[in-house]
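**Student:** Have a look; sequence and predicted model below, questions after that.
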Amino acid sequence: MLPVPDTKAIKKIHLVGICGTGMATLAGMLKERGFRVRGSDVNVYPPMSDLLAQLDIPVTQGYAEANLEPQPDLVVIGNALSRGNPEVEAVLDRKLLYASLPEVVKEWFLRGTETIVVAGTHGKTTTASILAWLLESAGAEPSFLIGGIAANFESSFQLRQGRFFVIEGDEYDSAFFDKGPKFVHYLPQQLILNPVEYDHADIYPDLDSILTAFKRLVNLVPRSGRIIAAGESASVRDCVAGAFCRVEFFGLEDGVSWRATGLRTTAEGTRYELAHDGKSLGEFSLPMAGDFNVANAVAATAIALGAGLSVEAVREGLRSFRGISRRQQVRGIAAGVTVVDDFAHHPTAIAATLRAVRARYPKGRVWAVVEPRSNTLRRKFFQKELEQSFQGADQVLFAPIHRIDTLGADDRLDLAALVESLRRQGKGADQFSGAREIVAYAAPKLEPGDVVVVMSNGGFDAIHELFLQALRGRRGKAASREHSPLEKSQP
């Protein structure tokens, strides 16, 4: 267990892998608490690089033992780091005080709060962001830590005086010295459990191992707690079967306590009716497209109403929610073409994102531009599922598999076979050497009304801006209109 933070004993903190979503957020939280914070990383790209710059937190590019000078009082080691990293080796050689991200969050930020953990394979960031905004807009002054930049806050964290702390519960491992999931550290009083599927093929060998992790989380919710669970997911029902606390299910179908019906996509987003145990709570509107986003909003609503918010306060909070960076985020419009950024990197998320984009832009062609970068998407485990994930796209363009040299031929995604399968379905599909080749191929073919959906969990060589620059440079097309990130992040 970490010592209680004492600014007399612990003043300087160094974060190795600081540009990870969670690590950059933790860096901001530590600085706000008064610590002198710095860090190092090799993967530096928005939005977290922008957040660190705004917070004036120094970041050194690259890993080296010299980055530990002057010697910090605590080193936080990100879960992307392993033995052999020069900074990790120096920390162990010098016997410096070190910890994982979830350890620091648990001992220094969550104790003494009523923690609401949002977990599941999909929808964690969106659901946590919606819930944090519902509480904030109602005056509850929540603290939060989420895996993205929430537009209503323009931040991925907030430290306030209210009793609630909303935190995204990641099932990925904590550090090289703690291979358990992050979320088991988070002291859940209340839990939202979104649908659970197989993911993270690099650390979980099969679905059963994933379910075991989530069952451990469920087992940590006290008897006085509450779980809001995705009722249409058989895996979720399995996970919560042994819960010691009250469990309520949410979804869009029969057999759940919190149910949304009558979904209607509009120019402003989605309207729907909400009922609790068969009693209508009226109509709600969400400025986002997609059934899955409605489900996220229903889960957040269930927690918010249980926290004492009125139905009207929740209705207004949902209406004024502005979305999250990299979740159907419009990065710009040029020559009549809309460029959208999305974090989707799992077959289910890809399919849901494309359905939502198709509903939002029903008249234009949808171009899916995909970087197989996540440890799940790089592998062949979902080869067959991916063949059916692009139904909502007209064109599908693939970048090379990220760090392909780290995967054996029998283990990695077969891009050539995937492209061929999509072509047999009547779609335009191809693979390219990189972002610039994709833009050079696609930009001249794009027409006013088309939508480019970029899907990656990394920076993708700033391909969004490359598309916009190429489109702005075209002549004889519709005049371009530029939008700042998040200005039109949702419908």
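**Tutor:** Received the coordinates, thanks. Residues are numbered from 1 along each chain as shown.

**Student:** ok, how many other residues are close to Gly308?
**Tutor:** Neighbour count for Gly308, taken as other C-beta atoms under 10 Å: 10. Every residue, glycine included, has its C-beta placed from N, CA and C.

**Student:** Can you give me the domain assignment for this structure?
**Tutor:** 12-99, 109-319, 329-472 (automatic domain parsing).

**Student:** export the ones you listed to JSON lines and tack on distance to Val4?
**Tutor:** Putting these into JSON lines (distance: least, C-beta to C-beta, whole Å) gives the following:
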{"stretch": "domain 12-99", "distance to Val4": "12"}
{"stretch": "domain 109-319", "distance to Val4": "9"}
{"stretch": "domain 329-472", "distance to Val4": "35"}
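
**Student:** Ranked by average pLDDT, which of those domains falls at the bottom?
**Tutor:** Ranked on mean pLDDT, the bottom entry among those is domain 329-472, at a mean of 88.

**Student:** Could you tell me the end-to-end distance of it?
**Tutor:** One end of domain 329-472 sits 19 Å from the other (C-alpha to C-alpha, to the nearest Å).

**Student:** what does stretch 63-70 give?
**Tutor:** 15 Å.

**Student:** what's the answer for stretch 372-388, then?
**Tutor:** 16 Å.

**Student:** Can you give me the buried ones in that stretch?
**Tutor:** 372-383, 386-387 (16 or more other C-beta atoms under 10 Å).

**Student:** and if you look at stretch 133-141?
**Tutor:** Applying 16+ other C-beta under 10 Å to stretch 133-141 flags 133-138, 140 as buried.

**Student:** out of those residues, who's nearest Ile192?
**Tutor:** Closest approach to Ile192 among the buried residues of stretch 133-141 (C-beta to C-beta): Leu134, at 12.3 Å.

**Student:** Quick check: the closest one is in a helix.
**Tutor:** Yes - counting by DSSP: H, G, I helix; E, B strand; the rest coil, Leu134 falls inside a helix.

**Student:** surely it meets Arg319?
**Tutor:** No - if you go by C-beta atoms under 8 Å, Leu134 and Arg319 don't touch, sitting 10.8 Å apart.

**Student:** Which parts of the stretch 301-450 of the chain are strands?
**Tutor:** Assigned by DSSP state E, counting those that start in this stretch, the strands in the stretch 301-450 of the chain fall at 329-334, 337-342, 366-370, 395-398, 428-431.

**Student:** cool, and the stretch 101-250 of the chain?
**Tutor:** Under DSSP E, counting those that start in this stretch, the stretch 101-250 of the chain gives strands at 114-119, 143-150, 155-158, 164-168, 173-175, 178-181, 190-193, 226-230, 246-251.

**Student:** Quick check: which of those is nearest to Ala399?
**Tutor:** Per C-beta to C-beta, nearest to Ala399 of these: strand 143-150, 21.7 Å.

**Student:** So which other helices or strands are in contact with that closest one?
**Tutor:** helix 21-32, helix 124-137, strand 155-158, strand 164-168 (3 or more C-beta pairs under 8 Å, 6 or more residues apart in numbering; DSSP states H and E).
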